[in-house]
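Asker: all I have is the shape, not the residue letters:
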């Protein structure tokens, strides 16, 4: 949400070893670039090093550094990504019939709360075309069934490619994506599951929660992996219910939770604050 | 926590039908007993009626009503219990080696926050004898193994009977009670499980939570049934963790949660505010 | 949110005395009306009795009871109101320039989450006319200044009267209403204040919170009285902030809180679940 | 809580400028000391730089670095402190009559949850001598009144000096400390106030909260400054109350909150995770 082209964010992970912070911070200092924010984490069990830096290069004489930084990264066996803060992340939203999550994302994007650009909405139903039109986002209806699944996924992938989509939000999309699809967008597909995972995986979690008699219901946003509802968790939250709550009122409370938790995950994604490692996330916040 | 013998609580459940509140409130009005608190719930799905009343009979000419009330209850097919608020509930606490939950219950009882009388502490280990002595509560060490389980449970039951124990608190007791034992204390054994049930049932839930990468950890207090970790839930709460939390710090946070959630369940039990029905609880609070 | 004309809610308050529940429940039982929900509270300090009943009169032979009930109410010195659950409450929303609270209320009303009918939007600025038009709600721009305040309030009152408005939502309306205006809508004007009242009353609470270095920020919805920010509190909630939050990010978090807390208050109002007494609210939920 | 003498924590603050992270991390890298944890914050408004580092010097050939680091600090105009993680912080606890906060601190210290050594308990009343004895902590009864205040503070200061006390916990101590006393322990005296500050400053906050009709009550731990209840806030939390809560039950809930919030603040202090700046705290957690 910054219009300044000189501010950017670097996220890097590599095996831990002595001197990493020194090496990295020295790199930017030598180039007269200022570290305006730094968040570091060492996973002592797995001996892994993770860092997020926000850099201001407005004072730098030479603003190019990518090749040099890549050499540094190679030398410590690191993965890294870089993103200008002024650039909006290009998103696709996949939906079915329920509107509340889609609407929250559209609205927050419209008023500038999410540093994102919603390029397309893709759905297996026609129901939500109208809201897409209201927000002036292209809407693609691709009905999916067992027979045409591969074909429709290919169509989806073409749309995503044409729109240079960088991340996908499953806003209560009721279809399971194929392994092939998921692999193309590893750690880039954000789902919202309407339970406190790993409790109540799969279908109809609210009914299961109601029948179990829990005192709190939850929502979980996570990256999608091949294994349903098992991907790295980005954000979770709960809300209190009582014996007075019917299944209907429980769902009502749950919907508010879902849209909040999904919006928070999309926010973190758009701000480049998530790093995944070994089926967990590091949230630099 | 009231020294007045005229204040008492009635809890009643029966199939729902028209006129129940009228019938019950009329009953006490006719006897010049004042309803100082009333909480009612109708489970519309199961067509069941639940009510908790707090009654002040200080103005009544004739303070006996039990037989008459039993007739009323019979006429509507109701279960009911009655308890003077001034009477402390007699509890046994079962423990193994961990002290934090036991200590919380002992301490809150000592300072009068729990309307309870801890009659005995029973353990399969010697470790916590000292704290029992400090609080001047009889401590019984009954080591349980596969061979002597039935025998030791019989010994436990004798101790409970001798002490007229009305409720059992499993304060991180690491043994599974037999069906026979559980049936004798149906909806009277309160357990604390160190996860947000039904997630992470069984052993070592904190490690499971850590490995799954959840963003919130929980604790659940529930009545013990024959099926492990599946009984009616009384209270649940969660606390936030992040990627910075090691398994060690996660457990540290969890222990604070466990003692809080267990204490809350014991409080509700001692105040006669819990009614169980179909593997759920109604909390009149 | 019930289309059944036979379900209605009664709220009643009166000085406490023995036999009130019996009297009231008897009244409906005699008329073959079923109490499907009952919530009662006695303020022991002030010796006041409060009750909310949900009644199903579908089985009653004679569905008229208002006159009789009024006689009952008179006999115990009670105030009472009655509302069919199927009837939507007619609301006006007052706004200035900020959109987030208005949008939340409009959206939740549109999708049926609020049992309300937004009749008009009134603003002292033109800014939000477009969203009013999108939701097809009449928008009145009545610019208020020191000179025309009385005149403009009269214009507002006429609009409210013409639309039979039953409740007013101040969705970040930045004008203070006159005593005369407030008295006409006693306990019917819901405001959202962007702090945890009574902390940070008055202008710019987020800046004050930021400068004080609080670790939680809050939002408070309350009925408007003559005394600014001092009316009966309906709902409050907080969210955690840290030293990393700038004033900007604090406001971002705050806006999410505001719309949630205001929506909750409007929900309770529309469901007839609020009773005010002595500058406090009883929330029958 | 680490027995390893080679792990230590450095906290440093100075005016922000380019290259600080590089300079500091380089310093430890050159000495073959490993940064195992790093948390940095830049206050952009005040152009201030704050950093906390956890260092492992077990691999270093020369473990002395204090003089050199002091030179570095001087060169960037920094304040800094250093603490071995294995060293327990020496605390005094000041109390009056209420036991719950004292008990929580004693208990958590005893079981090793707080990296602290409680050297003395000082009170203006005799009431809590017994619990001090149970925990085998020296107890000093210094009754304070208007006449002897200066004299008694001098006695307190002598006790603190004799015991090399590094931090003071006011566990519901009902006396106001003099400016002179406070200045000697700047940012080293932790108080618990039983409200969500800045709401309900001063005496009897629970009564004020009850009378105001708030829906959440809070507790606040803060460093003590000359100005009552206005020092830098370390931690705050809230809990929900309803119209059903009497002043008595509100206080019961509040006490649980107070001891939790105070224990959290003492934990952060003992782990060297708090840095104060301009009446705010930076919590490195």
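Answerer: Sure thing, it's come through. Predicted model only: the values in this text are computed from it and were never measured.
Asker: neighbours around the nearest residue to residue A:165 once chain neighbours are set aside, how many?
Answerer: In space, and not counting its chain neighbours, residue A:165 is closest to residue A:92: 4.6 Å by Cβ to Cβ, 6 or more residues apart in numbering or on different chains. Placement of C-beta: from N, CA and C, glycine included. When neighbours are counted by other Cβ atoms under 10 Å in any protein chain shown, residue A:92 registers 24.
Asker: who does the helix or strand where residue A:92 lies pair up with?
Answerer: Assigned by DSSP states H and E, residue A:92 belongs to strand A:89-95. According to DSSP bridges, strand A:89-95 forms sheet pairs with strand A:116-123 (parallel), strand A:167-170 (parallel).
Asker: between those, which one is nearest to residue A:8?
Answerer: strand A:116-123 (17.0 Å; Cβ to Cβ).
Asker: which residues are contacting that closest one?
Answerer: A:88-96, A:102, A:105-106, A:109, A:128-129, A:132, A:135, A:137-142, A:156, A:159-160, A:163-165, A:173, A:266, A:270 (Cβ atoms under 8 Å, 6 or more residues apart in numbering or on different chains).
Asker: make a markdown table out of the strands paired with strand A:89-95 and add mean neighbour count.
Answerer: Below are the strands paired with strand A:89-95 laid out as a markdown table (neighbours: other Cβ atoms under 10 Å in any protein chain shown):
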| stretch | mean neighbour count |
| --- | --- |
| strand A:116-123 | 22 |
| strand A:167-170 | 24 |
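Asker: just send the ones you listed back as CSV, with mean pLDDT and distance to residue A:185 too.
Answerer: Converted to CSV, the strands paired with strand A:89-95 look like this (pLDDT from 0 to 100; distance: least, Cβ to Cβ, whole Å):
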stretch, mean pLDDT, distance to residue A:185
strand A:116-123, 98, 13
strand A:167-170, 98, 6
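Asker: mind putting those strands in a markdown table, distance to residue C:231 included?
Answerer: Below are the strands paired with strand A:89-95 laid out as a markdown table (distance: least, Cβ to Cβ, whole Å):
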| stretch | distance to residue C:231 |
| --- | --- |
| strand A:116-123 | 39 |
| strand A:167-170 | 40 |
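Asker: residue B:148: which of those is closest?
Answerer: strand A:167-170 (54.3 Å).
Asker: off-centre distance for the closest one?
Answerer: Computed by Cα atoms, centre = their mean, to the nearest Å, the chain-centroid distance of strand A:167-170 equals 7 Å.
Asker: right, and the helix or strand after it?
Answerer: helix A:179-184.
Asker: and the stretch 1-150 of chain A, which of its residues are near chain C?
Answerer: A:99-100, A:103, A:107, A:111, A:113, A:134 (Cβ under 8 Å from any Cβ of the partner chain).
Asker: among these, which ones are buried?
Answerer: When the residues of the stretch 1-150 of chain A next to chain C are checked for burial by 16 or more other Cβ atoms under 10 Å in any protein chain shown, the buried set is A:99-100, A:103, A:107, A:113.
Asker: from these, which two are the most distant?
Answerer: Among these, A:99 and A:113 lie farthest apart (Cβ to Cβ), at 18.5 Å.
Asker: the residues of the stretch 1-150 of chain A next to chain C in strands, which ones?
Answerer: Using DSSP state E, the subset of those located in strands is empty.
Asker: so which of these is the closest to residue D:32?
Answerer: Using Cβ to Cβ, those come closest to residue D:32 at residue A:113, 46.3 Å.
Asker: the residue of the stretch 1-150 of chain A found nearest chain B pairs with what?
Answerer: Residue nearest to chain B within the stretch 1-150 of chain A (Cβ to the nearest Cβ): residue A:41, separated by 6.1 Å. Per DSSP bridges, the residues bridged to residue A:41 are residue A:50.
Asker: and it, how many neighbours?
Answerer: For residue A:41, the neighbour count with other Cβ under 10 Å is 22.
Asker: my read: it touches residue A:280, true?
Answerer: No. If you go by Cβ atoms under 8 Å, residue A:41 and residue A:280 don't touch, sitting 11.1 Å apart.
Asker: now do the shared contacts for those two.
Answerer: residue B:243.
Asker: would you mind pulling the contact partners of the worst-scoring helix or strand of chain A on mean pLDDT?
Answerer: Sorted by mean pLDDT, DSSP states H and E, the helices and strands of chain A end with strand A:34-43, the least confident at a mean of 90. For strand A:34-43, the external contacting residues (Cβ under 8 Å, 6+ apart) are A:7, A:16, A:21, A:25, A:28-29, A:48-57, A:59, A:277, A:282, A:284, B:243-244, D:18, D:21, D:35-40, D:42, D:44.
Asker: now do 6 Å
Answerer: Residues from elsewhere that reach strand A:34-43, judged by Cβ atoms under 6 Å, 6 or more residues apart in numbering or on different chains: A:16, A:28, A:49-54, A:56, A:282, A:284, D:18, D:21, D:36, D:38, D:40, D:42.
Asker: next: stretch A:234-246.
Answerer: Counting by Cβ under 6 Å, 6+ apart, A:196, A:216-218, A:220-222, A:250, A:253, A:257, A:261, A:264-265, A:281, B:215-216, B:238, B:282 sit against stretch A:234-246.
Asker: only the buried subset of those, as a ChimeraX command please.
Answerer: Only the buried entries of the contacts of stretch A:234-246 go into this ChimeraX selection, using 16+ other Cβ under 10 Å:
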select /A:196,216,217,218,220,221,222,250,257,261,264,265,281 /B:215,216,238,282
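Asker: what about the contacts of stretch A:234-246, which are in strands?
Answerer: Filtering the contacts of stretch A:234-246 for strands - DSSP E - leaves A:216-218, A:220-222, A:281, B:216, B:238, B:282.
Asker: contact partners for residue A:208?
Answerer: By Cβ under 6 Å, 6+ apart, the neighbours of residue A:208 are residue A:200.
Asker: the helix or strand where it lies to strand A:216-223, inter-axis angle?
Answerer: Using DSSP H and E, residue A:208 sits within helix A:205-212. Inter-element angle recorded for helix A:205-212 and strand A:216-223: 150 degrees (by axes from the mean of the first three to the mean of the last three Cα atoms, to 10 degrees).
Asker: quick check: the gap between the closest residue to chain D within the stretch 151-285 of chain A and residue B:237.
Answerer: Per Cβ to the nearest Cβ, residue A:240 is where the stretch 151-285 of chain A lies closest to chain D, at 8.4 Å. Counting by Cβ to Cβ, to the nearest Å, the separation of residue A:240 from residue B:237 is 9 Å.
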